[in-house]
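A.B. asks: task: produce atomic coordinates for the following.
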Amino acid sequence: MRLVTFTSIKITLVFLLGILGSYLFDFGLYYLQIVIPIVFLLLIFIWIRARNQLFPDLHFGFISYVCLFLLGAWVYQIHQPKYHSSHYTKHITESDTTILQLKIREELKPDLYNTKYIAKITGISDKEVSGKILLLIPKDSNTISLKVDEVLLVKTHLSQIPTPKNPYQFDYASHMYQKGIYHQIRLDKESILLITKGKTTIRGTSAKIRNAINQKLKENNLEGNSLALVNALLLGQRQELSQEVYTNFAAAGAVHILAVSGLHVGILMLLLRVLFKPLERLPRGNTIKIVAIVLFLWMFACITGLSPSVLRAVTMFSFLAYALESNRETSTVNTLVASAFILLLVDPNLLFHVGFQMSYLAVFAIVWIQPMLAKLYAPRTYFDKLLWGILTVTIAAQLGVGPLSIYYFNHFPGLFFITNLVILPFLGIVLGGGIFIIILASFNSLPELFTKIYTTILESLVQFISWVAKQDNYYFEDLVLSRGQLFLYYVVITAVILCFQKISFNRILYLLFSVVCLQGIYIFEKSQTNYKELVIFHKSRNTVVGLKDDKQLKVLSSLDPAEAHMEKFLKNYRVKAKIKTLETGSLKNIISFNGKTIVVVDSLGVYPRDIQNLDLLILSNSPPLHLERLIDSLCPKIIVADGSNYTTYVQRWRNTSKKRNVDFHHTGKEGAFVIR
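C.D. replies: Below you'll find the model as predicted:
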């Protein structure tokens, strides 16, 4: 299968590069709107000239690709709020406290302290506006419960979504930004003026259907992990899934089954193909069958809440349903890529979503690689065919998403093939049985025996996943890939598959060259980690200072050594900075690092008075001191207040530092402080 000959791949790839180019360099909508019509007119002129030529016109092809590239850049730009006059950021600033009208759009998984929603801002005072926002409601005894499509009138102000305070932490603000969400609102009962029922939308109807299904399932004694799994596997809701279950699924390499995505929609499509097979006997039976499959897939998408992952999967498999019925390999690849083109045309930000990248890489790898693997062995029995098919699909999918998974999540489940060999044959039964259970429960016709059998199956699934997750020797964590390494890994994998497909001198040369490049980037990046660095981390009520020397990290803090090893922000730093050894120690009042002198002033307020032109002063645990006198005594170049200090003290110190022209840094606002 020569992929590069497919026109859809060329078109989508150039369009994708346009989105990426506009994301990296911000070409600007104004300039694109001037350039695109000129290039398009040039394309028409060259097309008219090319019609009268015997051989293909290279100029026409080049200008076509330029048009596609500019189209991708333009589509990305028009989705940016700075070009939308109605976006709320054009009418309000973060410092403004005003009356906002919000409509609940989606309920998110809560964290330890807040329930979370995505809401649309439909009005600011008497102005109609647009845009999405993150809505936080603190958990307490009077927690407010909101429903999709409810309209709120609130008096509040916008705030920035917090950025990471420590190096290499997950950037939730960037994650929300890719979804078009730039601010958050924190509400309590006093700030909510009115809650009323809004106009019903598809999402609201879906939420009502899911709530009704959940109520029926509870009435039929489905509860605990079983109910949470039904919500995750069939209804696309993971809010009630315990952290322990989620962690076990991740360690076992089965976390992908907890989010309704390509796997679930693919299995559902296969079930529907079998269910609607009798339709083939009717006149135009294949057409009717395809329409029925696509219709049911979109009904499933509506019930699960039309989340981005579900919309992506249903769009992709709607195209694949046609391709599979045509039973042509080229049709499958073309329709797969065409679905990606349409999704990116509607929402170019999907390109930067992890789910989008992993879904298409997995399906593309299965379509391309699995048929070649399947030819290596010819099973004879049905059971043998089933196991071999699952194994080849699993290996192909892991080749597609393995490097990307390591890049984003820094771990790799070594027993993924065992997990999939057990789960995949039964996932169809779990999904089909779950749909059957939901239908019977909705009509109050669910026998208790069916509930017990289905609950037993789900509990057995959880127990098996828990057993696999406990096999620590086969769970590889703390893995790191840079962007360059990630790219070259895919180059090497592609070269290996091409050589596997057909041996030739050019392909072997391509493989050897890609391996050498991969080795080269490993050597280069290894040399880049050999540096010294001091990091004052942000940690509430504690002072944590890290001293990095090549592959070693010494952590000075008031934390218990065992607790320090378990801190997530330290683990993230250790993994990403490729630290081999971690040592802990007590925090001292004077620290020497790389020729610099650092003084720590703690709650006692004691500091040495015989140091002049101090490189760095750390204020810890809200020391009772007169900062102006300290500045006169030590003459510090930089003052850093960490997360152990009272915010009122920090603000006073900041004002004093500004008055005395001394640089001031607060880890709670500016994040961790780093010097090399």
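
A.B. asks: what are the contacting residues of stretch 72-90?
C.D. replies: For stretch 72-90, the surrounding residues in contact (CB atoms under 8 Å, 6 or more residues apart in numbering) are 14-23, 26-29, 32-33, 36, 121, 124, 128-131, 133, 180, 182-183, 344-345, 347-349. Heads up, the C-betas are built off the backbone N, CA and C, glycines and all.

A.B. asks: out of those residues, which are buried?
C.D. replies: 14-16, 18-23, 27, 29, 32, 36, 121, 124, 129, 131, 133, 180, 182-183, 344, 347-349 (16 or more other CB atoms under 10 Å).

A.B. asks: what about those residues, which are in strands?
C.D. replies: 121, 124, 133, 182, 183 (DSSP state E).

A.B. asks: name the nearest residue to the last one, ignoring sequence neighbours.
C.D. replies: Distance criterion CB to CB, 6 or more residues apart in numbering; nearest residue to residue 183, sequence neighbours excluded, is residue 158 at 4.2 Å.

A.B. asks: re the thing from before, nearest to residue 334 among the ones in strands among the buried ones among the contacts of stretch 72-90?
C.D. replies: residue 182 (36.8 Å; CB to CB).

A.B. asks: doesn't residue 161 make contact with that closest one?
C.D. replies: Yes. Residue 182 sits in contact with residue 161 when judged by CB atoms under 8 Å, with a separation of 7.4 Å.

A.B. asks: need the overlap of contacts for those two.
C.D. replies: With CB under 8 Å, 6+ apart, residue 182 and residue 161 have common neighbours residue 176.

A.B. asks: okay, now the unreliable bits of this structure?
C.D. replies: 1-6, 50-58, 141-143, 259-261, 308, 324-332 (pLDDT under 70).

A.B. asks: ok, the most centrally placed residue in the chain - contacts?
C.D. replies: What sits nearest the mean C-alpha location of the chain, by CA atoms, centre = their mean, is residue 354, with 4.4 Å. Residues in contact with residue 354 (CB under 8 Å, 6+ apart) are 404, 408.

A.B. asks: change it to 10 Å
C.D. replies: Residue 354 makes contacts with 175, 178, 401, 404, 405, 407, 408, 409, as judged by CB atoms under 10 Å, 6 or more residues apart in numbering.

A.B. asks: now tabulate the residues you listed in CSV and tack on neighbour count, secondary structure and distance to residue 375.
C.D. replies: Output for the contacts of residue 354, formatted as CSV (neighbours: other CB atoms under 10 Å; DSSP: H, G, I helix; E, B strand; the rest coil; distance: CB to CB, whole Å):
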residue, neighbour count, secondary structure, distance to residue 375
175, 14, helix, 41
178, 14, coil, 40
401, 20, helix, 22
404, 18, helix, 26
405, 23, helix, 27
407, 19, helix, 30
408, 15, helix, 32
409, 13, helix, 32
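
A.B. asks: which other helices and strands does the helix or strand containing residue 228 contact?
C.D. replies: Using DSSP states H and E, residue 228 sits within helix 224-234. Under the contact criterion of 3 or more CB pairs under 10 Å, 6 or more residues apart in numbering; DSSP states H and E, helix 224-234 touches helix 202-219, helix 243-251, helix 262-275, helix 416-442, helix 448-469.

A.B. asks: determine which of these approaches residue 654 most closely.
C.D. replies: Among these, helix 243-251 sits nearest to residue 654 (CB to CB), with 37.3 Å.

A.B. asks: quick one: the closest one to helix 416-442, angle?
C.D. replies: With axes from the mean of the first three to the mean of the last three CA atoms, to 10 degrees applied, the angle from helix 243-251 to helix 416-442 works out at 140 degrees.

A.B. asks: what are the contacting residues of helix 243-251?
C.D. replies: Residues outside helix 243-251 that contact it (CB under 10 Å, 6+ apart) are 109, 112, 225, 228-229, 232, 238, 241-242, 254-258, 409, 411, 413, 415, 419, 423, 461-472, 474-475, 477.

A.B. asks: again, 8 Å this time
C.D. replies: With CB under 8 Å, 6+ apart as the criterion, helix 243-251 contacts 225, 228-229, 238, 255, 257-258, 409, 411, 413, 462, 465-466, 468-469, 475.

A.B. asks: how distant is it from the center of its chain?
C.D. replies: 17 Å (CA atoms, centre = their mean, to the nearest Å).

A.B. asks: circling back: want to throw the helices and strands packed on helix 224-234 into TSV with mean neighbour count?
C.D. replies: TSV is the format used below for the helices and strands packed on helix 224-234 (neighbours: other CB atoms under 10 Å):
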stretch	mean neighbour count
helix 202-219	16
helix 243-251	17
helix 262-275	19
helix 416-442	17
helix 448-469	16
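
A.B. asks: same list (those) but as CSV, adding distance to residue 529.
C.D. replies: Converted to CSV, the helices and strands packed on helix 224-234 look like this (distance: least, CB to CB, whole Å):
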stretch, distance to residue 529
helix 202-219, 46
helix 243-251, 27
helix 262-275, 36
helix 416-442, 29
helix 448-469, 31
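
A.B. asks: ok, which of the ones you listed comes nearest residue 570?
C.D. replies: Comparing these by CB to CB, helix 243-251 comes nearest, at 19.0 Å.

A.B. asks: relative to helix 224-234, how tilted is that closest one?
C.D. replies: Using the same axes, to 10 degrees, helix 243-251 lies at 50 degrees relative to helix 224-234.

A.B. asks: for the stretch 1-150 of the chain, what spans make up the helices?
C.D. replies: Counting by DSSP state H, counting those that start in this stretch, the stretch 1-150 of the chain has helices at residues 7-25, 29-50, 58-78.

A.B. asks: please disregard the earlier target; I meant the stretch 501-650 of the chain.
C.D. replies: Under DSSP H, counting those that start in this stretch, the stretch 501-650 of the chain gives helices at 505-528, 561-566, 568-576, 627-634, 647-659.

A.B. asks: Throw the ones you listed into a markdown table and include distance to residue 494 and mean neighbour count, thanks.
C.D. replies: A markdown table is the format used below for the helices of the stretch 501-650 of the chain (distance: least, CB to CB, whole Å; neighbours: other CB atoms under 10 Å):
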| stretch | distance to residue 494 | mean neighbour count |
| --- | --- | --- |
| helix 505-528 | 8 | 13 |
| helix 561-566 | 39 | 13 |
| helix 568-576 | 27 | 18 |
| helix 627-634 | 59 | 17 |
| helix 647-659 | 52 | 15 |
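
A.B. asks: including distance to residue 592, could those helices go into TSV?
C.D. replies: Below are these laid out as TSV (distance: least, CB to CB, whole Å):
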stretch	distance to residue 592
helix 505-528	25
helix 561-566	21
helix 568-576	21
helix 627-634	15
helix 647-659	24
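
A.B. asks: nearest to residue 46 among those helices would be which one?
C.D. replies: helix 505-528 (32.1 Å).

A.B. asks: contacts for the closest one?
C.D. replies: Counting by CB under 8 Å, 6+ apart, residues outside helix 505-528 touching it are 482, 484, 485, 488, 489, 491, 492, 495, 496, 498, 499.
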